[in-house]
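> the following comprises the amino acid sequence and a computationally predicted model.
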Amino acid sequence: KNAINFFSMAFNSDDNVTSFLFYVISMEAIFSRDKSAPIKATLSDFASILCFPPEQRQNAHHTIRKAYDLRSSIVHSGESFIDRENIEKIKPIAARTIYCSMLLCKELKNDRNNIEEIFFNHLRDRKLGVANALPPKAIWALPDS
């Protein structure tokens, strides 16, 4: 729910910095569970594994890491200019991340266990190569670099 709220705020913002921040935060809202885990690595690893076919993962991973670095420069160093190109790169990735997360939760949901625990265990297992991936959905192509 938080991810969708932040995505909506990003989508409706007229300010580039605000829009960019909220798109990145919408992805953080999904994957930032463990406060001791490095969020940039967690976000880029899980989003690229969950949302992109193998041939697009490296590029997606790189794009997400760069977006998170830019987010950090805004938050921690006072960067105050974001061009539209950066927003157009992260917007479809944020949308795809929300969609794929919801789809995975729908596929994994059962009545016996906590869906959050199942979700993160599945992502961990996919990262380790011991869980089967759901077939990727062709909904958006990775934005051109």
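Yes, it's here. Residues are numbered from 1 along each chain as shown.
> roughly how far apart are the most centrally placed residue in the chain and Asn113?
The C-alpha lying nearest the average C-alpha coordinate of the chain belongs to Met27 (Cα atoms, centre = their mean; 3.8 Å). In this view, Met27 and Asn113 are 24 Å apart by Cβ to Cβ, to the nearest Å. For glycine as for every other residue, the C-beta is placed from the backbone atoms N, C-alpha and C.
> number of nearby residues for the residue lying closest to Cys51 once chain neighbours are set aside?
Nearest residue to Cys51 in three dimensions, chain neighbours excluded: Cys100, at 4.3 Å (Cβ to Cβ, 6 or more residues apart in numbering). When neighbours are counted by other Cβ atoms under 10 Å, Cys100 registers 20.
> same question, Phe31
When neighbours are defined as other Cβ under 10 Å, Phe31 has 22 of them.
> what of Ile25?
The number of residues near Ile25, taken as other Cβ under 10 Å, comes to 20.
> isn't it right up against Phe6?
Yes: using Cβ atoms under 8 Å, Ile25 is in contact with Phe6, at 4.7 Å.
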